[in-house]
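Asker: sequence? don't have it. structure:
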C-alpha cells in the first residue's frame, strides 16, 4: 500500500513474506526520490533489515518481530519475543546494516511464565495439527505466530484463506487456560 501524506514523503507499508508466508512485518517511510546517502533503493534497505531479522537463530513461532524505517536511516524495532537475547540480537543485526545510523528497540520481552509456556505448546499443537494445516506446519519459518502473554493469545502472521484464519482462531480459543484470543492473522 502506498500513501502520500502531502509533505513530500511517501509512506510504504509492506508485509514481507518469509519462505512463502510472513513472520516479520514492515512499515517504512522515505522521502520521495531519496535513495539515501548510499544510493540504495528503499526496498533494498527494507529487504536487508528483513533478511537480518529472519536469520536470527532464536526466532521462533512464539516470537513476533516487526520494524519500520523512519527518515532514511533509522530502524524502529517492535513486537514481542520470549527470549531476551532475541531482543538484543535483533538490535545488533539492524545496527550491522550499512546505511542504518540509529536503531530504536521497542521489542517487548514477554514475562517468564510456566503457565504461558504450557499455553504456547497447547496452542501450537491445536493449530498446526489441524487437518489441512500441514502446509503451515511444514515450513521452516511458521507463517502463524502464537504470542502468549499472561494467558492472552495473539495470532499474527499469514494464512492462505479466510477459512484457515477462522480455523486457527477456533483452535486457539479451544486451548484450556486461554483467557482471550486476538486474531491479527492476514490473508495473503
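Answerer: On my side now, so go ahead. All values derive from a computational prediction rather than experimental measurement.

Asker: Give me the contact list for the biggest helix by length in the chain.
Answerer: The residue-count maximum for a helix in the chain (DSSP state H) belongs to helix 114-128. Here helix 114-128 makes contact (CB atoms under 8 Å, 6 or more residues apart in numbering) with 61-62, 82, 110, 133, 136-137, 142, 144, 146, 148-151, 153, 155, 168, 171-172, 174-178. Glycine gets a C-beta too; all of them are placed from N, C-alpha and C.

Asker: Would you map out the domains in this protein?
Answerer: Following automatic domain parsing, one finds the domains of the chain at 2-109, 114-187.

Asker: Now render the ones you listed as TSV, adding mean neighbour count and mean pLDDT.
Answerer: As requested, these are exported to TSV (neighbours: other CB atoms under 10 Å; pLDDT from 0 to 100):
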stretch	mean neighbour count	mean pLDDT
domain 2-109	17	72
domain 114-187	17	96
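
Asker: Without its sequence neighbours, what residue ends up closest to residue 144?
Answerer: Leaving aside its sequence neighbours, residue 144 sits nearest to residue 157 (CB to CB, 6 or more residues apart in numbering; 4.6 Å).

Asker: need the next SSE after the helix or strand containing the one you found, C-terminal direction.
Answerer: Residue 157 belongs to strand 152-159 when assigned by DSSP states H and E. For strand 152-159, the following helix or strand on the C-terminal side (DSSP H and E) is helix 162-173.

Asker: Not counting that next one itself, show me its contacts.
Answerer: Contact partners of helix 162-173, identified using CB under 8 Å, 6+ apart, comprise 123, 126-127, 130, 132-133, 136, 144, 146, 153, 155, 159, 178, 181, 183, 185, 187.

Asker: And the next helix or strand past the longest helix of the chain?
Answerer: Per DSSP H and E, the first helix or strand lying C-terminal to helix 114-128 is helix 134-137.

Asker: Determine how far that following helix lies from the middle of the whole chain.
Answerer: 18 Å (CA atoms, centre = their mean, to the nearest Å).
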